[in-house]
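*Asks:* Okay, predicted coordinates and the sequence, questions at the end:
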Amino acid sequence: MKTTNKRTSEVTAILWVSLLFTFCSFGTAEATEPIILGAAVSLTGNLARSGLDQKLGYELWKDSVNAKGGILGRKVDLRIYDDRSEPMTGAKLYEKLITSDKVDLLIGPYGSGVTAAVSTAVEKHKMVMIAPGASSKEIWERGYRYVFQMITPARYQLTSSIEIAKNSGFKTFAVINADSAFPRDLAKGALEDINSAGLKLFLHEEYPEKANDLSSLILKIKAAAPDALIVGSYLPDGVLLVRQAKAANLAPKMIQFGPVGPSIPDFVKSLGDLSNNLLGVSQWESSVKYPGSPEMVASFKKKFPGEEADYSVAAAYSSCEVMRMAVEKIRGIDQEKLRQAVLAMDVMTPFGRFKVGPAGDQVGHLTVLVQVLNGERVVVWPAEAAVQKIVLPFPEWK
Amino acid sequence: MRGSLLVLQVMINGLLLAGIYGVAAVGLNLIFGVLRVANIAHGDFIMLGAFIVYSLSTLGVSPLIGIPIVGGVLFVLGLLTERFLVEKVVYQPMAYSLLLLYAVSILLRNAGLNLWTSNYVSLNVMPGTLHIGSLTISEIRLVVFIIAVSLTVFFTFILNKTMVGKTIRASIQHPDLAGACGIDVRKVRALTFGVGSLLAGITGTFFIMLFSVNPEMGDMMILKLFAIVIVGGLGNYLGTFVGALVVAMAETFTGFYATTEYSDVAVFFLFLLSLILRPQGLLGGGKTT
């Protein structure tokens, strides 16, 4: 496998270089030259699946924008490399995109790790990059000025859930999470939201990610008897928790998971009927009705039959949309003006709202709520995306 | 729920967990008793059991019916592994068998990754709950517990009352003398490894009903299983269940009075304590030569 990948990437590299020469040999009539967006995404390695989705999103956007006449009358083209899921390779490829390919605009790679490495190269060259594949908050805590986040960071992923709990009259909470970085950030966000909404926290506890018994933790939650249970989990511990909660008949009025839970098909498959009425969050679902989103899903299905339009596709597509809107607003690609334009934006894309904070981190985009109803994963919030009404309070276990 | 009832519930949960741990560790201990090798591939045999029952279930075979099939397959696999691999390193320095079984572990794990990918899977069997007043008992955990206890009774009977059992016990206590008495110790070793693997396979079928498993699950358990075996008594078949009970209770009570984060700390603290104070295990080890 390794050698074939290497060989393929070598061949791809040669192809790209020859393509580069072909471009160079053409004249430089600026108005007719395409605007080139550059990116490196993971097409091989452990992030390949999501990286590929992101590439499909970029390609889908290119076709749709070109069909509408391009940007500022110029056609749009893509230059996409494979970073092999390696942060260092990603950083080198963005250097190459900026210094030797001289692409006009930059869009991001997949994954927080690669994005962190890439952002340093991008910042050095003062190029604007919209990053659709990074939920980490650390990337936006380093004072960088040219890198912008597209998806909701862990801190805000449960914000809508706490609000819904509050609006449903639930006042007391238990928050539990696996003891690793992502679930911890998720829970920390929920705790801050609970606190700032003036709600009451009965219990917060972490558990080992690889725990094989959560019965004691569940007993404590049962004894505390909160209105709502908030869970930051991965798949195996989430499945175990549900099984043991059912066995102990722990049934608070709301059971809310983070992005790994009811929004993952494998979770529902593992638990069958037990997953009914549990809530999860998701960056995006293909059934949402944000402006332009149904059209995007339809054209995706036409262009890539057999593929599933997941959130990586929508985030990638929409990050290009943000770039397009900014370029059209300043009528050029001057990176400093572009940066100002992106900072000032508050727009709706097929992925949802886009609005960044002063540091470039995403503050406008909200997660959607997914609930399992009769064995189906259904979007229940926000209203403009909901397929069915949210079922609250949680009925008894069956 | 009142305080004393809560404690009772923690005990019930610990007891049910002990059943799972016991059945998971007993094969490991049996193999150590007879062959004096630490089977670090035991977790991977458990994994095989889990995924065979998973594959059978995708073909429409109920997991409970799959259990004997898995037992049969793993028995044969264990027998062959002993006959053609482990037999070569028996009574050699520990490093030989450790390295060999480490290789077996890597082989099984990667075969598993190729066959079943690295995704987590789980089967939903008997998700019901028994209610006794305000106490709750998970049906599937109770079934696993009952099967584990039945297996113990069955194997204790075999070991103590049958000729096969006597030859196994003789081989544990003094392999050379057993051989001199006309016992085919080689055959006993292969048989024991087969039975140990069978028990691992059955454990796997339980694991996929209780937990989410993937082909790399082997390391998840193996350290804890060794702790159980050593606390109970290395080479002592019944000691395994005592070790399992101690470890499981330590886990659930620590989880209840402190947090689940400290459960493993408590388990390995007990493990260290038993190494210092009672290295032969609570029930004493099987005799070494």
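*Replies:* Here it is on my side, so go on. Because the structure is predicted, anything quoted here is derived from the model rather than measured.
*Asks:* Strands of chain A, start to end?
*Replies:* Assignment of strands within chain A using DSSP state E yields the ranges A:35-41, A:76-82, A:105-107, A:129-131, A:147-149, A:172-178, A:200-207, A:228-232, A:254-257, A:279-282, A:347-349, A:352-354, A:368-373, A:376-381.
*Asks:* Tabulate those strands in a markdown table, adding columns for distance to chain B.
*Replies:* In short, each C-beta sits where N, CA and C put it, glycine included. Output for these, formatted as a markdown table (distance: least, C-beta to the nearest C-beta, whole Å):
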| stretch | distance to chain B |
| --- | --- |
| strand A:35-41 | 21 |
| strand A:76-82 | 21 |
| strand A:105-107 | 29 |
| strand A:129-131 | 27 |
| strand A:147-149 | 29 |
| strand A:172-178 | 9 |
| strand A:200-207 | 4 |
| strand A:228-232 | 13 |
| strand A:254-257 | 15 |
| strand A:279-282 | 16 |
| strand A:347-349 | 31 |
| strand A:352-354 | 29 |
| strand A:368-373 | 13 |
| strand A:376-381 | 16 |
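*Asks:* Okay, and the residue of chain B found nearest chain A sits in which element?
*Replies:* When scored by C-beta to the nearest C-beta, chain B has B:Gly255 as its residue closest to chain A, at 3.0 Å. Element membership of B:Gly255 [criterion: DSSP states H and E] is helix B:239-257.
*Asks:* just the strands in the stretch 51-200 of chain B please.
*Replies:* With strands called from DSSP state E, counting those that start in this stretch, the stretch 51-200 of chain B shows them at B:129-132, B:135-138.
*Asks:* out of those strands, deepest packed?
*Replies:* strand B:135-138 (a mean of 20; mean count of other C-beta atoms under 10 Å in any protein chain shown).
*Asks:* Break chain A down into its structural domains.
*Replies:* Domain ranges of chain A: A:2-152+A:289-354, A:156-282+A:367-381, per automatic domain parsing.
*Asks:* After the helix holding B:Gly255, which helix or strand is next?
*Replies:* helix B:263-277.
*Asks:* Compute the inter-axis angle for that next one and strand A:200-207.
*Replies:* 50 degrees (axes from the mean of the first three to the mean of the last three C-alpha atoms, to 10 degrees).
*Asks:* For helix B:263-277, buried residues please.
*Replies:* Across helix B:263-277, burial judged by 16 or more other C-beta atoms under 10 Å in any protein chain shown covers B:Ser263, B:Asp264, B:Ala266, B:Val267, B:Leu270, B:Phe271, B:Ser274.
*Asks:* Equivalent analysis for stretch A:150-170, please.
*Replies:* Those would be A:150-162, A:164-166, A:170, for stretch A:150-170 by 16+ other C-beta under 10 Å.
*Asks:* And the residue of chain A closest to chain B?
*Replies:* Closest to chain B within chain A is A:Ser216: 3.0 Å, counting by C-beta to the nearest C-beta.
*Asks:* you'd agree that residue is up against B:Thr252?
*Replies:* Yes. Taking C-beta atoms under 8 Å as the definition, A:Ser216 is a contact partner of B:Thr252 at 5.1 Å.
*Asks:* Which neighbours do those two have in common?
*Replies:* B:Val10, B:Asn13, B:Ser263 (C-beta atoms under 8 Å, 6 or more residues apart in numbering or on different chains).
*Asks:* For chain A, tell me which of the residues you listed show up nearby.
*Replies:* Contacts with chain A within the shared contacts of A:Ser216 and B:Thr252, as defined by C-beta under 8 Å from any C-beta of the partner chain: B:Val10, B:Asn13, B:Ser263.
*Asks:* Among those residues, show me the least confident.
*Replies:* Note: of these, the lowest pLDDT belongs to B:Ser263, at 93.
*Asks:* dump the residue contacts of the nearest residue to that one once chain neighbours are set aside.
*Replies:* Nearest residue to B:Ser263 in three dimensions, chain neighbours excluded: B:Glu251, at 4.3 Å (C-beta to C-beta, 6 or more residues apart in numbering or on different chains). By C-beta under 8 Å, 6+ apart, B:Glu251 lies in contact with A:Asp213, A:Ser216, B:Gly14, B:Leu17, B:Ser263, B:Asp264, B:Ala266, B:Val267.
*Asks:* near chain B, which residues of chain A?
*Replies:* A:179, A:205-208, A:210-217, A:219-220, A:222-223, A:235-236, A:239-240, A:243-244, A:246-249, A:266, A:270-274, A:397.
*Asks:* Only whichever of these are buried, select them in PyMOL.
*Replies:* Only the buried entries of the residues of chain A next to chain B go into this PyMOL selection, using 16+ other C-beta under 10 Å:
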select buried, chain A and resi 179+205+206+207+208+210+211+212+213+214+215+216+217+219+220+222+235+236+239+240+243+244+246+247+248+270+271+274+397
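*Asks:* Dump the strands of chain A to JSON lines, plus mean pLDDT.
*Replies:* As requested, the strands of chain A are exported to JSON lines (pLDDT from 0 to 100):
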{"stretch": "strand A:35-41", "mean pLDDT": "97"}
{"stretch": "strand A:76-82", "mean pLDDT": "97"}
{"stretch": "strand A:105-107", "mean pLDDT": "97"}
{"stretch": "strand A:129-131", "mean pLDDT": "97"}
{"stretch": "strand A:147-149", "mean pLDDT": "97"}
{"stretch": "strand A:172-178", "mean pLDDT": "97"}
{"stretch": "strand A:200-207", "mean pLDDT": "97"}
{"stretch": "strand A:228-232", "mean pLDDT": "97"}
{"stretch": "strand A:254-257", "mean pLDDT": "98"}
{"stretch": "strand A:279-282", "mean pLDDT": "96"}
{"stretch": "strand A:347-349", "mean pLDDT": "96"}
{"stretch": "strand A:352-354", "mean pLDDT": "95"}
{"stretch": "strand A:368-373", "mean pLDDT": "96"}
{"stretch": "strand A:376-381", "mean pLDDT": "92"}
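*Asks:* That'll do, ta.
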